[in-house]
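Peer 1: no sequence on this one, just coordinates:
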């Protein structure tokens, strides 16, 4: 196999290049999502519906801390892609070294705080009543592995910035497969319950990190760090932070959304409604893998070509990415709205949950065919280093529309009001994104190519 270089991002045909970048990313997301999906099925059948609700309480906390690594990874990856496009290898190395230092410092600090205040944090995120004790067991163990998860998320984005999507795919597959095997051993064979589920997740993070470390120490990576690269540099940290804050803000809003949703649904319908939301959440992670794969594949191509000042290729990448992602999103919509009952029964045999969840699935995914434009539009601004519009568009759906809606609509429609908030927020956010993306293309890209 011919050696893949980051310079291919600026020379190969866009359609072929996007497929080469997107397919491994989609497969990686698919396997990771399958892991979360099957993990939830195992927990639901081998431990119980309360355990599903407990994990749903812990996820926003652990994912937020882990997302520090993702934020630093995506922010730095944007800089690295543009630096490689501009043949500035020195800047790429300095950025990568600073990413590692920042990830360790921030994540370890947040884990310490999270463990110190666990008895206050868990109830705040909906871990009340029968949910509290299993949530606390899972929370404590999973948080030990979160810094490793954060480093893995950061490293995976740097791998993609180098134009090595297959290695990024492998990095996502390894923890997914290992988690399922460890679930079987710890939960089913050893009957360790929530402790088993938590240790399976934590140890799987370690396997992922080991692979990513091997990649950067091997000949496959173009980024060979020296000790001097790890020293924090103000301008580098500022640029990483500015762009990474977009991702961190998105995950913060996701975590806050979980907090509100778990509490609102617990008040409206108790444990069963929280469990329904947990199932819907897993399907949001799983079913959207092809669209997210296109978005991940789009980022390094857009960033590299913008850095290389090949603006015609940037514009073409936007159009092709939206076209591919829209087609895939429509297929996802058809499948999920056709078979919601069968999907729910995969997770549980509880009659009340089976009765409630299909309606939630139909409403939550009602606007799926149009969200490709929303995702690609927000990703574009992050890829080219324009943090302010990227942040605005990232927060639009959940921060500006969805969270207000879930406080207003349930007053009139009860639990249904929670579910119909999803498509309304999607439609409004897509309209806003379309406006800003079109303005960017007309004012910035078109004049340069004319």
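Peer 2: Everything's here; your move. For clarity, every value in this text was computed on a predicted model and none was experimentally measured.
Peer 1: Got the phi and psi for residue 288?
Peer 2: Phi and psi for residue 288, reported as degrees, to the nearest 10, are phi -90, psi 10.
Peer 1: State the distance from it to residue 370.
Peer 2: Distance of residue 288 to residue 370, given as Cβ to Cβ, to the nearest Å: 13 Å. From N, CA and C alone the C-beta is placed, and that goes for glycine too.
Peer 1: Spit out the residues that contact the two alike.
Peer 2: residue 329 (Cβ atoms under 8 Å, 6 or more residues apart in numbering).
Peer 1: Who has more neighbours out of those two?
Peer 2: Between residue 288 and residue 370, counting by other Cβ atoms under 10 Å, residue 288 is the more crowded of the two (23 against 19).
Peer 1: Where does the residue nearest to the more buried one when sequence neighbours are not counted fall, secondary structure wise?
Peer 2: Of all residues not flanking residue 288 in the chain, residue 332 sits nearest, at 6.5 Å (Cβ to Cβ, 6 or more residues apart in numbering). Counting by DSSP states H and E, the element that carries residue 332 is helix 311-338.
Peer 1: got the buried residues for the next helix-or-strand element following that helix?
Peer 2: Counting by DSSP H and E, the element after helix 311-338 in chain order, helix or strand, is helix 340-347. Neighbour-count burial for helix 340-347 flags 340, 343-344, 347 (criterion: 16 or more other Cβ atoms under 10 Å).
Peer 1: which ones are touching the residue nearest to residue 288?
Peer 2: Contacts of residue 332 (Cβ under 8 Å, 6+ apart): 287-288, 290-291, 365, 368.
Peer 1: gap between it and residue 363?
Peer 2: Relative to residue 363, and taking Cβ to Cβ, residue 332 is found at 15 Å.
Peer 1: Repeat that for residue 116.
Peer 2: 39 Å.
Peer 1: who's more crowded, these two?
Peer 2: Taking other Cβ under 10 Å, residue 116 and residue 363 do not tie; residue 363 has more neighbours (20 against 10).
Peer 1: right, and the secondary structure at that one would be what?
Peer 2: Three-state call for residue 363 (DSSP: H, G, I helix; E, B strand; the rest coil): helix.
Peer 1: Determine the number of other residues adjacent to the nearest residue to it once chain neighbours are set aside.
Peer 2: Nearest residue to residue 363 in three dimensions, chain neighbours excluded: residue 419, at 3.8 Å (Cβ to Cβ, 6+ apart). By other Cβ under 10 Å, the residues close to residue 419 number 24.
Peer 1: buried ones in the helix or strand containing residue 419?
Peer 2: Assigned by DSSP H and E, residue 419 falls within helix 415-440. By 16+ other Cβ under 10 Å, the buried positions in helix 415-440 come out as 415, 417-430, 432-433, 436-437, 440.
Peer 1: for this protein, what helix or strand is lowest in average pLDDT?
Peer 2: helix 446-449 (a mean of 55; mean pLDDT, DSSP states H and E).
Peer 1: does residue 73 sit in a helix or strand, and which one?
Peer 2: Per DSSP H and E: helix 49-85 holds residue 73.
Peer 1: what stretches of the stretch 351-450 of the chain score poorly on pLDDT?
Peer 2: Residue ranges of the stretch 351-450 of the chain with pLDDT under 70: 447-450.
Peer 1: change it to 80
Peer 2: Low-confidence segments of the stretch 351-450 of the chain (pLDDT under 80): 385, 387, 394, 444-450.
Peer 1: ditto for the stretch 151-300 of the chain
Peer 2: Ranges of the stretch 151-300 of the chain meeting pLDDT under 80: 163, 165, 176, 243-244, 246-252, 254-255, 282, 285-287.
Peer 1: In it, mark out all the helices, start to finish.
Peer 2: 165-183, 193-217, 234-287, 289-307 (DSSP state H, counting those that start in this stretch).
Peer 1: Give the buried residues for the second one.
Peer 2: Going back to what we said before, that points to helix 193-217. Neighbour-count burial for helix 193-217 [16+ other Cβ under 10 Å]: 193-205, 207-209, 211-212, 215-216.
Peer 1: got it, and the first one?
Peer 2: Burial within helix 165-183, assessed by neighbour count using 16+ other Cβ under 10 Å, is assigned to 165-176, 178-180, 182-183.
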